[in-house]
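J.: Sequence first, then the predicted structure, then my questions.
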Amino acid sequence: MTHTKHFLDLNQFETSKLREILGYGSQLKSGEISGRPLEGKSLAMIFEKPSTRTRVSFEVGINQLGGNAVLLDPSSSQMGHGETIADTARVLSRFVDAIMIRTSSEEILHELAEYATVPVINGLTDESHPCQLMADVMTYEEHRGAIAGKTVTWCGDGNNVASSWIHAATRFDFELKLATPAELAPNQKVLDWAQSQGGKISVTCSMDEAVQDSDCIVADTWVSMGDKDAANRHNLLKPYQVDERVMSLAKSDALFMHCLPAHRGEEVVAEVIDGPQSVVFDEAENRLHAQKGILYWCMSNL
Ligand code: CP
Ligand code: NVA
């Protein structure tokens, strides 16, 4: 039943497959692959959480490839009124050629993938954000060349995006240093997986140690969608703000990355996110190109 072309998490792919998919994204961006390869195909998009980039980039992306998108809002569809995920998956599979879902729960994502007979794409869960990392690797490499062998530092909450950075570091062979408060350490299962694969991952509470000589500094919101303890998180994460002093400890040509949405004066100061080392809007744009690569891989008869 399981479709082989789900895009659920980076750790489920060999490096060569991720490179192939990223390659499609770059070729679509440059025009090497052109035309409307997904003419007439439909993508269902389910958002159980808010979104700007993911929503717009998937809809524009499938349109540019010749297909169309159908948006499902759980509160105004039967999904939010008791229809099971399994039945939703079976029904949508009769109408559309792929399903993108943003949901809190990994279980919902996996149940959808189990019962759908079309590809399912993870548009963010509480555990991961793989599409973001495809765009981030594309962005780093466009600016600085191969990411393999480089050092990236994650500053702040060991959250869903941090987990996908751990997956990406392991698959794309770069070193990842995570600076997080002990209370918000990265997911231990993800760290264990990385260790089992020989990933070069380290976790520390010391921001200064982690950013030293790094090639890329990454931050994310202190309060992710669904987090309830905002005040406590602000207290814990205050020492992990990326400011000019932090950037000065990294390499002089280090990039600053952030998946957005950002909160200036919280996880990053305006001088850094709006400064010359920041590539955050290239990252946002590359959501479109990287996801077109994913859609092309999932939905065309390759
Ligand atoms: N980075 C990202 O996924 O943004 P949205 O929440 O706006 O989709
Ligand atoms: N960690 C953030 C990422 C938003 C794109 C969240 O889950 O809200």
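T.: Happy to help now that I have it. Ligands and ions are numbered 1, 2, ... in the order given.

J.: so where's the protein uncertain?
T.: For the chain, the stretches with pLDDT under 70 are 1-3.

J.: can you give me the strands in it?
T.: For the chain, the strands defined by DSSP state E cover 42-47, 68-72, 98-102, 120-122, 151-155, 175-179, 201-204, 216-219, 255-258.

J.: can you list those strands in JSON lines and add mean neighbour count and distance to ligand 2?
T.: For every residue, glycine as well, the C-beta is placed using N, CA and C. Compiled in JSON lines, those are given as follows (neighbours: other C-beta atoms under 10 Å; distance: least, C-beta to the nearest ligand atom, whole Å):
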{"stretch": "strand 42-47", "mean neighbour count": "22", "distance to ligand 2": "12"}
{"stretch": "strand 68-72", "mean neighbour count": "16", "distance to ligand 2": "18"}
{"stretch": "strand 98-102", "mean neighbour count": "27", "distance to ligand 2": "9"}
{"stretch": "strand 120-122", "mean neighbour count": "27", "distance to ligand 2": "12"}
{"stretch": "strand 151-155", "mean neighbour count": "26", "distance to ligand 2": "12"}
{"stretch": "strand 175-179", "mean neighbour count": "23", "distance to ligand 2": "14"}
{"stretch": "strand 201-204", "mean neighbour count": "17", "distance to ligand 2": "17"}
{"stretch": "strand 216-219", "mean neighbour count": "27", "distance to ligand 2": "11"}
{"stretch": "strand 255-258", "mean neighbour count": "24", "distance to ligand 2": "10"}
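
J.: want to throw those into TSV with distance to ligand 1?
T.: Output for the strands of the chain, formatted as TSV (distance: least, C-beta to the nearest ligand atom, whole Å):
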stretch	distance to ligand 1
strand 42-47	9
strand 68-72	13
strand 98-102	7
strand 120-122	11
strand 151-155	15
strand 175-179	19
strand 201-204	22
strand 216-219	12
strand 255-258	9
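
J.: when you scan the longest helix seen in the chain, is anything in it near ligand 1?
T.: Taking DSSP state H as the criterion, the chain has its longest helix at helix 280-299. No - on the criterion C-beta under 6 Å from any ligand atom, helix 280-299 is out of touch with ligand 1, staying 6.9 Å away.

J.: what helices or strands is that helix leaning on?
T.: Counting contacts by 3 or more C-beta pairs under 8 Å, 6 or more residues apart in numbering; DSSP states H and E, helix 280-299 packs against helix 15-30, helix 53-64, strand 98-102, strand 120-122, helix 130-144, strand 255-258.

J.: Just the CA trace of it, in CSV.
T.: Output of helix 280-299 as CSV, limited to C-alpha atoms (Å, rounded to 0.1, in the frame of the first residue of the first chain):
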residue,chain,number,x,y,z
VAL,A,280,16.8,34.6,4.6
PHE,A,281,14.9,35.8,1.6
ASP,A,282,16.9,33.6,-0.7
GLU,A,283,15.9,30.8,1.6
ALA,A,284,12.3,31.8,1.4
GLU,A,285,12.4,32.0,-2.4
ASN,A,286,14.1,28.6,-2.6
ARG,A,287,11.2,27.0,-0.9
LEU,A,288,9.5,27.4,-4.3
HIS,A,289,12.4,25.9,-6.3
ALA,A,290,13.2,23.1,-3.9
GLN,A,291,9.6,22.1,-3.6
LYS,A,292,9.1,22.2,-7.3
GLY,A,293,11.9,19.6,-7.4
ILE,A,294,10.0,17.5,-4.8
LEU,A,295,6.7,17.8,-6.7
TYR,A,296,8.5,16.9,-10.0
TRP,A,297,10.1,13.9,-8.4
CYS,A,298,6.9,12.7,-6.7
MET,A,299,4.3,13.4,-9.4
